[in-house]
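A.B. asks: I'd like to go over a predicted model; first the sequence, then the structure.
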Amino acid sequence: MTDSLFSNFLPIAAIATTPTAAKRLQPLCQSVGASLWLPESLTGMEGTQVYSGSLKEHLATIWQNHRAFIFCLATGAVVRLITPLLEDKSCDPAIIVIDEAGKFVISLCSGHQGGADQLAKAIALELNATAVLTGASTSMVLPAVDMLGVPFGWSRGDGNWTGVAAAISRGENVEVIQEVGSTLWQDRLPEGHPFYLGLDAEEERKEENLSIKFFQKNKSMAGKMPAPQGLGEMSIGNDPLPITKGRIWISFTQRKFSPDSELPKVQWHPKVLWIGIGCERGTSREVIEFAIDRVCRNYHLASGAIAGIATIDIKADEIGLIELCQGRNWPLKTFPAEILGSIPVPNPSNIVAAEVGTPSVAESAAIWAIRSGKSEDNLELPSANNLLVPKQIFRLEGQPGAVTVAIALAETEYTGRTGKLLLIGTGPGQLSQMTPAAQSAIALADVVIGYTLYIDLISSLLRPGQIVESSPITQERQRAERAISLANWGLTVAVISSGDCGIYGMAGLVLEELRAQGWDGKTPGIQVLPGITALQAAASRVGAPLMHDFCAISLSDLLTPWEVIEKRLNAAAIADFVVALYNPRSQTRIQQLAQAQAIFLQHRNPNTPVAIARSVYREDEQIILTTLDKLLDLPVDMLTVIIIGNQSTRSHAEWMITPRGYLGFNQ
């Protein structure tokens, strides 16, 4: 069983005070996994919880324990109820308001950081309602500045977030200086967006170049020379670019912005720093924490850019390390001495080698930890060039133990998230034919991947800031590999197929690729969301041709030998199945349909009804009813599904019917 699509918002509390509101919210709560709270006067509804006393008092008791609230109340009443409880947009829960008629879903509070905008859109799709989003970034079809790095696990640093957001809302240019981290957020920015992305921090900031280049040029002297001083905001020349009204730093360094500057600036910190730790047995958390904080301060490294801690496996039970990682929510990676001993480091130690079996712990653990997605038996070792800060030894007066710290810089940030693959069937192509769950899944995904035509068909479901990757029809395997890679990294990836994703769709290919990669069946998570497949859509347009036993056969021999396809065609024709033919003809593959017709004419009457359905439920839909002997006289292509009736199938008044046998088998 997979997690709810809405798991990122759980726990969710839903509130209703009238019978109509309760009936409106009850099925929604079952879909999203929310708890429905009702007053004592509305007892008796299954699967609900009851509060006593005033709603205002009840909200105060459950406020801190929920990430989102859904109210089916008047907006004014909700405003009065939640006002005393609101603290700051960085920690307030998402607040959603739904009218009793279920026509509108309002993102009332914490639209960006709390996720109310995203939640409101997904709920609106569940209810077939209209999402009401009032944020400026939504109307401008832009990702919110305070949400840019959320999918990638970035930490929000210091700065004037309100000022930068205001500049963007006014359509003013905002300079983006990105030194590390994923640039996927840039790929779907609309034309005329306000972000100024043309600067290269490595080339343009020659006067104050204290980023990656500084550390790589001077790492051999680190520990022998004073730490860099005065690291502040960088600029071209003496002044910021005159055309910009704000600045966004995306870096692993910690900057101090001048309070006197009129230019609002903010900083995001991708988690690219891995801290290698070696320590004496019994070293306290305080000593380890002091050492890490001191190194970060000396080298102007942002603590928000720390991905985690790496050390030797015999330290996996070190209490000080465990307490620190739990307190800071850092992962703890441990490696055996054999691996650590194989990594060249600048400062090996014979004493350490005699003690633990490797000449380096802190430096080698930091270097080994930065590998992204590489297996343990990969022969290509990480390079010591990735070592940002060589080992430093610290003690703290009054505290037991000693600690050695080294820091390596990863090429790819650590997201800290467990990825998911949402394998989605979009149906025949019209949004009204998609399930609400499939629509919500697309709206909630970090990434949407699919064939270009299918992406275009569901474009209205996409949201600002989403990563969308489309590719030609022949690149199914590349799409599967890309989706798995992003999910392994920690993103929620929607892989879309037309029809049903498990019927000639991407679900099978994705699962095959996962199996080939040794997938454990759990990480990344998988959820398959079915859709109306092409044969169902085609059948619905011509009547009820599938009322008896039927099968589907693809005529494409790109993946299946034609000899196998011929056997299946013969077997289906002999067994008198109603048959749906997929992929009947392409520009280069034209003989297979003629051969299929010949096989069926050996076993079926030439007047057997046949339906030719092209682009069903799309703007250029074409539906033709004909007979088996005239099949080749009509236009057919890869967007066409052909339904061949069985011996009892009949045509009647432009409809195609296969009797089930209620009125006699041959009626």
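C.D. replies: Happy to help now that I have it. Numbers count the residues shown, from 1 in each chain.
A.B. asks: Show me where the stretch 1-150 of the chain has its helices.
C.D. replies: Here the stretch 1-150 of the chain has its helices, by DSSP state H, counting those that start in this stretch, at 19-32, 55-62, 75-82, 116-127, 136-139.
A.B. asks: and those, which is most packed in?
C.D. replies: helix 116-127 (a mean of 25; mean count of other Cβ atoms under 10 Å). The C-beta positions use only the backbone N, C-alpha and C, and glycine is treated the same way.
A.B. asks: which secondary structure elements does that helix contact?
C.D. replies: helix 19-32, strand 68-72, strand 94-98, strand 104-109, strand 130-132, helix 436-444 (3 or more Cβ pairs under 8 Å, 6 or more residues apart in numbering; DSSP states H and E).
A.B. asks: orientation of that helix relative to strand 68-72 in degrees?
C.D. replies: Here the directions of helix 116-127 and strand 68-72 differ by 50 degrees (axes from the mean of the first three to the mean of the last three Cα atoms, to 10 degrees).
A.B. asks: Excluding its own residues, what touches helix 116-127? List them.
C.D. replies: 5-6, 9, 28, 31-32, 68, 70, 94-96, 98, 102, 105-111, 129-133, 135, 138, 436-437, 439-440, 443-444, 461, 463 (Cβ atoms under 8 Å, 6 or more residues apart in numbering).
A.B. asks: Restricted to buried residues, select those in PyMOL.
C.D. replies: Of the contacts of helix 116-127, the buried ones can be selected in PyMOL as follows, counting by 16 or more other Cβ atoms under 10 Å:
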select buried, resi 5+6+9+28+31+32+68+70+94+95+96+98+102+105+106+107+108+109+110+111+129+131+132+133+135+138+437+439+440+443+444+461+463
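A.B. asks: about what we covered before: of all the helices of the stretch 1-150 of the chain, which lies closest to residue 625?
C.D. replies: helix 116-127 (35.0 Å; Cβ to Cβ).
A.B. asks: the inter-axis angle of that closest one versus helix 19-32?
C.D. replies: Using the same axes, to 10 degrees: helix 116-127 against helix 19-32 is 100 degrees.
A.B. asks: Mind exporting the C-alpha coordinates of helix 116-127 to CSV?
C.D. replies: C-alpha atoms of helix 116-127 as CSV (Å, rounded to 0.1, in the frame of the first residue of the first chain):
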residue,chain,number,x,y,z
ALA,A,116,-1.7,26.1,1.0
ASP,A,117,-1.7,27.1,-2.7
GLN,A,118,-0.5,23.7,-3.8
LEU,A,119,-3.0,22.0,-1.4
ALA,A,120,-5.9,24.2,-2.6
LYS,A,121,-5.3,23.4,-6.2
ALA,A,122,-5.1,19.6,-5.5
ILE,A,123,-8.3,19.7,-3.5
ALA,A,124,-10.0,21.7,-6.2
LEU,A,125,-9.2,19.0,-8.7
GLU,A,126,-10.5,16.4,-6.3
LEU,A,127,-13.8,18.3,-6.0
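A.B. asks: What ranges does the stretch 451-600 of the chain have for its helices?
C.D. replies: Here the stretch 451-600 of the chain has its helices, by DSSP H, counting those that start in this stretch, at 452-457, 476-489, 506-516, 534-542, 562-574, 591-601.
A.B. asks: Can you tell me which of those is most buried?
C.D. replies: Using mean count of other Cβ under 10 Å, helix 534-542 ranks as the most buried of those, with a mean of 23.
A.B. asks: Name the residues that touch it?
C.D. replies: 427-428, 433, 498-499, 503-504, 545-546, 550, 552, 580, 582, 611, 613, 616-617, 621, 623, 625, 641, 643, 655-656.
A.B. asks: Please apply the same query to stretch 623-636.
C.D. replies: 541-542, 584-585, 593-594, 597, 600-601, 604-614, 616, 622, 642, 644, 651, 654, 656.
A.B. asks: just the buried members of those residues?
C.D. replies: Buried, going by 16+ other Cβ under 10 Å: 541-542, 584-585, 593, 597, 600, 604, 608-614, 616, 642, 644, 651, 656, out of the contacts of stretch 623-636.
A.B. asks: now, which of the contacts of stretch 623-636 lie within strands?
C.D. replies: Counting by DSSP state E, the part of the contacts of stretch 623-636 found in strands is 609-614, 622, 642, 644, 651, 656.
A.B. asks: now the helices for the stretch 151-300 of the chain?
C.D. replies: Using DSSP H, counting those that start in this stretch, helices in the stretch 151-300 of the chain cover 161-169, 201-204, 212-218, 285-298.
A.B. asks: show me what contacts the residue nearest to residue 99 when sequence neighbours are not counted?
C.D. replies: What sits nearest to residue 99 in space, not counting adjacent residues and going by Cβ to Cβ, 6 or more residues apart in numbering, is residue 72, at 7.5 Å. Residue 72 is in contact with 14-16, 18, 21-22, 24-25, 97-100, counting by Cβ under 8 Å, 6+ apart.
A.B. asks: cool, and residue 617?
C.D. replies: If you count contacts by Cβ under 8 Å, 6+ apart, then residue 617 has 427-430, 433, 537 around it.
A.B. asks: Quick one: which of those residues has the lowest pLDDT value?
C.D. replies: Of all those, residue 429 carries the smallest pLDDT score, 81.
A.B. asks: Please determine how far it is located from residue 457.
C.D. replies: Computed as Cβ to Cβ, to the nearest Å, the residue 429 to residue 457 distance reads 5 Å.
A.B. asks: Ok, residue 651 next?
C.D. replies: 31 Å.
A.B. asks: Likewise for residue 443?
C.D. replies: Counting by Cβ to Cβ, the separation of residue 443 from residue 457 is 15 Å.
A.B. asks: Sketch out the low-pLDDT regions of this structure for me.
C.D. replies: Residue ranges of the chain with pLDDT under 70: 1-3, 198-242, 372-384, 664-667.
A.B. asks: center of it, which residue is that?
C.D. replies: Computing the C-alpha centroid of the chain and ranking residues by Cα atoms, centre = their mean puts residue 492 first, at 2.4 Å.
A.B. asks: That one bridge partners, please.
C.D. replies: residue 420 (DSSP bridges).
A.B. asks: Isn't it up against residue 446?
C.D. replies: Yes - the pair residue 492 / residue 446 is scored as a contact, 4.8 Å apart, by Cβ atoms under 8 Å.
A.B. asks: tell me the domain boundaries of the protein?
C.D. replies: Listed domain ranges for the chain are 7-134, 145-269, 280-292+305-409, 420-532, 535-657 (source: automatic domain parsing).
A.B. asks: can you redo those domains as TSV with distance to residue 298?
C.D. replies: Formatted as TSV, these follow (distance: least, Cβ to Cβ, whole Å):
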stretch	distance to residue 298
domain 7-134	28
domain 145-269	4
domain 280-292+305-409	8
domain 420-532	30
domain 535-657	58
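A.B. asks: between the ones in strands among the contacts of stretch 623-636, which is nearest residue 570?
C.D. replies: Taking Cβ to Cβ as the measure, residue 570 lies nearest residue 644 of those, at 13.4 Å.
A.B. asks: dump the residue contacts of that closest one.
C.D. replies: Per Cβ under 8 Å, 6+ apart, neighbours of residue 644: 578-581, 600, 604, 608, 610, 628.
A.B. asks: 10 Å instead?
C.D. replies: Residue 644 makes contact with 545, 550, 553, 572-573, 577-581, 596-597, 600, 604, 608-611, 627-628, 631, according to Cβ atoms under 10 Å, 6 or more residues apart in numbering.
A.B. asks: Could you list everything it pairs with in the sheet?
C.D. replies: Counting by DSSP bridges, the residues bridging with residue 644 are residue 579, residue 610.
A.B. asks: distance of it from residue 415?
C.D. replies: In terms of Cβ to Cβ, residue 644 sits 50 Å off from residue 415.
A.B. asks: okay, now the spatially closest residue to residue 550 that is not a sequence neighbour: neighbour count?
C.D. replies: Leaving aside its chain neighbours, residue 550 sits nearest to residue 578 (3.9 Å; criterion: Cβ to Cβ, 6+ apart). For residue 578, the neighbour count with other Cβ atoms under 10 Å is 26.
A.B. asks: All set, thanks.
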